[in-house]
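Colleague: Fold the following.
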Amino acid sequence: DIHLKELLKGSSIAFVLRIVGIIAGYIFTLLVTRSLGAKSWGIFALSLVVLQIASVIGRLGMDTALLRFTAEYTAKEEVNTLKNIYKKALTLVIPFSVLIAGLVYLISPILANKVFHKPNITEYFQITSLIIVPFILLRINLEIIRGLKKIKEYMFLQVCNTTLSILIFLIGIVIFVKTTFLVFVSYGISTLISMLVAFILFKIYTKRLQKSVKSFSPNENISYSYILSLSIPLLFSGSLSLIAGWTDTIMLGIFRTTEDVGIYNVAMKLSMITSMILASINTVVAPRFAEFYGKKDFYSLKSLAQKSTKLIFFFSLPIFLFYVLFANWCMSLFGSEFEKGSYALIILSLGQLINAITGSVGLILMMTGRQREHLNLILIMTLSNIVLNAILIPKYGLLGAALATSLSMSIGNILGVFWVKKYYGFYTIQGIWR
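Modeller: The predicted structure is shown next:
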């Protein structure tokens, strides 16, 4: 089975590099929490919320759209068309992302004072606004590299971004005094460097691809309106997905202290290891889903989806069981004040397990022309997450946020399983027992 062979090879590479990236990420978290405390990490976590939301809006859905375009037009060997789409995408994204960054800078006092009721974090939001444009361009170039099936390079750049943050932070501690600003400076510089490397790699790979194409590569004139017709639904679904993913952190920031935000963010980061194999496999299968859909090869689409779900399940279950047994120990690694997030870690891990065993349902919908259906799915998940967090956080704090997030995530993924069945005639979870 050539598709299974490619899945195993690609996902194993992505998995190993993702582990390296996660280790690097936790080293960065440990360095910050051990040297600056939960409060500083909470400020950084809230700033990451602002960065992620602003970058999703600023990207206009072009990152996911370019992933699909890249997989489709490289399969057709139409490299010139791909380059034309890339130029038009940047023409739309760059000025818009600059506008978004400027807007975030201007409204930072409002976000800090009126939304989070923490005036002392205004300047951190303003620093975050300076990272928005390079972060957006990094994400766009990364998705094109992923679409070209350069999985090692795609994952390496993500690992490189975190590793550079660690190095710059360590140098800063040695040379300068320990300060929360150092976290932002190190993250911003590493993002800028990674963005430049990603752009250079894109130019190199497209040049090589163009030389390798035997036949003449046509330059189909893809209009701005067509590009936007694909990217805008992805923008809305991406925005809603991000809001769903950060609602718990945002509401904790509103109702609770920055210390609680920092503790919860660590629990969330740990819980995501449960679905790590899902993320690794999604890295590989996304361009394949787009390719099979373009060729109308639905048998291969079904086979790949079910086999990947089986792999995801058997890798994710042991991690969840480990957290059930050793949650308190895992949280204590970041400091004794983090132990209060142990039960939140277990609940979040259960939600991530359900996310893992339902398979790549959201990705299948996005890569096969069902952007609007995916948008509806994310809308349901987001609304349920907002309502549940608003009800549970004021009463139960960290546990309420974890429960609300896990429930809404499960609702969305289970619905996704049925929607894939509706449109393509198969259940992704059937792969587990086949």
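
Colleague: Enumerate every residue touching residue 259.
Modeller: For residue 259, the contact set (CB atoms under 8 Å, 6 or more residues apart in numbering) comprises 38, 39, 42, 337. (Each C-beta comes from the backbone N, C-alpha and C, glycine too.)

Colleague: What number of residues are in the vicinity of the third one?
Modeller: Translated: residue 42. By other CB atoms under 10 Å, the residues close to residue 42 number 28.

Colleague: So for it, what's the pLDDT?
Modeller: Looking at residue 42, its pLDDT reads 82.

Colleague: just checking, it touches residue 249?
Modeller: No: with contact defined as CB atoms under 8 Å, residue 42 does not reach residue 249; the gap is 9.2 Å.

Colleague: element containing residue 244?
Modeller: helix 224-255 (DSSP states H and E).

Colleague: How far does the helix or strand that that helix is followed by sit from its chain's centre?
Modeller: Heading C-terminal from helix 224-255, the first helix or strand you meet, by DSSP H and E, is helix 258-271. Its chain's average C-alpha position is 17 Å from that of helix 258-271, according to CA atoms, centre = their mean, to the nearest Å.

Colleague: And for stretch 404-423?
Modeller: For stretch 404-423 - counting by CA atoms, centre = their mean - the centre lies 18 Å from the chain centre.

Colleague: Please apply the same query to stretch 113-123.
Modeller: The answer for stretch 113-123 is 26 Å, by CA atoms, centre = their mean.

Colleague: Check which residues of it are buried.
Modeller: 116, 118, 121 (16 or more other CB atoms under 10 Å).

Colleague: Which neighbouring elements make contact with the helix or strand hosting residue 68?
Modeller: According to DSSP H and E, residue 68 maps onto helix 62-75. Helices and strands touching helix 62-75, by 3 or more CB pairs under 8 Å, 6 or more residues apart in numbering; DSSP states H and E, are helix 79-110, helix 132-147, helix 224-255, helix 276-295, helix 361-367.

Colleague: can you do 7 Å?
Modeller: helix 79-110, helix 132-147, helix 224-255, helix 276-295 (3 or more CB pairs under 7 Å, 6 or more residues apart in numbering; DSSP states H and E).

Colleague: Which residues does the helix or strand following the second one contact?
Modeller: Meaning helix 132-147. Sequence-wise, the next helix or strand downstream of helix 132-147 (DSSP H and E) is helix 151-175. Helix 151-175 is touched from outside by 10, 13-14, 17-18, 20-21, 24-25, 27-28, 31, 35, 142, 145-146, 182-183, 185-187, 189-191, 193-194, 197-198, 201, 283-284, with contacts defined as CB atoms under 7 Å, 6 or more residues apart in numbering.

Colleague: ok, of those residues, which come out buried?
Modeller: 10, 13-14, 17-18, 20-21, 24-25, 27-28, 31, 142, 145-146, 182-183, 185-187, 189-191, 193-194, 197-198, 201, 283-284.

Colleague: Which ones among those residues lie within strands?
Modeller: If you go by DSSP state E, these have nothing in strands.

Colleague: Counting neighbours, what do you get for residue 16?
Modeller: Using other CB under 10 Å, residue 16 has 13 neighbouring residues.

Colleague: doesn't residue 404 make contact with residue 248?
Modeller: Yes: counting by CB atoms under 7 Å, residue 248 sits close enough to residue 404 to count as a contact (6.4 Å).

Colleague: more neighbours, the two?
Modeller: residue 248 (30 against 26).

Colleague: What is the burial count for the residue lying closest to the more buried one once chain neighbours are set aside?
Modeller: Leaving out its chain neighbours, the residue that sits closest to residue 248 by CB to CB, 6 or more residues apart in numbering is residue 401, at 4.0 Å. Using other CB under 10 Å, the number of residues around residue 401 comes to 31.

Colleague: Any regions of the protein where pLDDT drops low?
Modeller: For the chain, applying pLDDT under 70 flags the ranges 1-11, 14, 174-177, 213-220, 430-434.

Colleague: any common contacting residues for residue 248 and residue 404?
Modeller: Going by CB under 7 Å, 6+ apart, residues that sit against residue 248 and also against residue 404 are residue 389.

Colleague: Which residues does stretch 56-66 contact?
Modeller: So stretch 56-66 is contacted by 86, 89, 92-93, 96-97, 100, 132, 136, 139-140, 143-144, 147, 227, 230-232, 234-235, 238-239, 242, 366 (CB under 7 Å, 6+ apart).

Colleague: Residue 261: neighbouring residues, count only.
Modeller: Quick note: residue 261 (other CB under 10 Å) scores 30 neighbours.

Colleague: show me the contacts for it.
Modeller: Counting by CB under 7 Å, 6+ apart, residue 261 has contacts 42, 45, 46, 249, 252, 253.

Colleague: what do you get for residue 86?
Modeller: Residue 86 touches 66, 144, counting by CB under 7 Å, 6+ apart.

Colleague: how about 10 Å then?
Modeller: 62, 66, 69, 70, 140, 141, 144, 202, 206 (CB atoms under 10 Å, 6 or more residues apart in numbering).

Colleague: do the same with residue 227
Modeller: Here residue 227 is in contact with 60, 61, 62, 65, 66, 69, 84, 85, 88, 89, 91, 92 (CB under 10 Å, 6+ apart).

Colleague: Give me the spatial nearest neighbour of the third one, chain neighbours excluded.
Modeller: Nearest non-adjacent residue to residue 62, counting by CB to CB, 6+ apart: residue 89, 4.6 Å away.
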